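**Student:** Sequence and computational prediction follow.
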Amino acid sequence: MIRVLDARFLTTAVEEKGWPPGDAPEIAFVGRSNVGKSSMINALTGRRKLVRVSNTPGRTRTLNFFDAVLEKDGLRRTVRLADLPGYGFARVSHAERASWERMITTYLERRTSLRGVVAIVDAEVGATEDDVRTLAYLVNAGRQVLVAATKLDRLGKAHRKPQLAAIAERLSVPRDTVLGFSATDKLGVPQVWESLWMATS
């Protein structure tokens with residue numbers, strides 16, 4: 001079992017020169033605006049206020065980096081988490097949207113310490129066209145991807161497995177690469193950490 005010994009905010013950046021040193025394996029979290037990226041990171045680290053959670057889509061406008069110190073079977077490892085701005089952005093100008101997209105793609109394509117990407121979809125809504133495009137982009141960029149279907153608690157238990165299967169089919173990924181997750185009920189926390197531990201080994 002993986003334990004989170006410590007978690008802390010590291011820095012925020014809008015361009016490459018502001019990125020922290022690539023001295024720890026890194027995992028990025030991507031997803032639509034308001035899909036629950038910040039809540040997911042808080043649930044994974046067991047820190048309710050590590051990442052600011054907002055009900056306003058598009059509130060995250062920078063790359064935000066956090067360090068989590070993990071322990072498994074006596075081994076300790078620092079894993080860096082990067083919270084990226086959401087896509088399908090809120091009401092912002094075309095120029096600002098283009099700037100965000102450039103910031104995100106530069107990071108995803110150039111960050112050498114990036115070991116994997118958690119692509120977050122809304123389990124209640126299902127995979128959207130934006131989700132399909134983003135996953136295709138990540139795969140084409142050669143990134144290892146784990147799909148996390150958040151807000152699973154909003155689905156009745158009988159509907160969860162069929163919905164996860166439908167999401168996997170829509171995204172054209174193997175069913176076992178889609179993990180159900182709920183920040184509210186802490187569903188999927190150990191499974192996500194196990195996948196991220198393997199990705200950063």
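**Tutor:** Looks like it came in fine.
**Student:** got the buried residues for the lowest-mean-pLDDT helix or strand in the chain?
**Tutor:** Ranking every helix and strand in the chain by mean pLDDT, DSSP states H and E puts helix 94-110 at the bottom, with a mean of 82. Within helix 94-110, the residues scored as buried using 16 or more other CB atoms under 10 Å are Trp100, Met103, Ile104, Tyr107, Leu108. For the C-beta atoms, the positions are set from N, CA and C on the backbone; glycine is no exception.
**Student:** Export the residues you listed to JSON lines and append columns for distance to Leu179.
**Tutor:** Shown next, in JSON lines, are the buried residues of helix 94-110 (distance: CB to CB, whole Å):
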{"residue": "Trp100", "distance to Leu179": "26"}
{"residue": "Met103", "distance to Leu179": "27"}
{"residue": "Ile104", "distance to Leu179": "23"}
{"residue": "Tyr107", "distance to Leu179": "23"}
{"residue": "Leu108", "distance to Leu179": "21"}
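**Student:** among these, which two are most distant?
**Tutor:** Using CB to CB, the buried residues of helix 94-110 reach their maximum pairwise distance at Trp100 and Leu108, which is 12.5 Å.
**Student:** by contact count, what packs against the helix or strand just after the least confident helix or strand of the chain?
**Tutor:** Next in sequence after helix 94-110, counting helices and strands by DSSP states H and E, comes strand 114-122. Judged by 3 or more CB pairs under 8 Å, 6 or more residues apart in numbering; DSSP states H and E, strand 114-122 is in contact with strand 26-31, helix 37-45, helix 94-110, helix 129-140, strand 145-150, helix 189-199.
**Student:** List phi and psi for the closest residue to Leu108 other than its chain neighbours.
**Tutor:** Counting by CB to CB, 6 or more residues apart in numbering, Ala141 is the residue found nearest to Leu108 once chain neighbours are left out, at 6.0 Å. Per-residue torsions, Ala141: phi -80, psi 0 (degrees, to the nearest 10).
**Student:** Right, I'll call it a day here.
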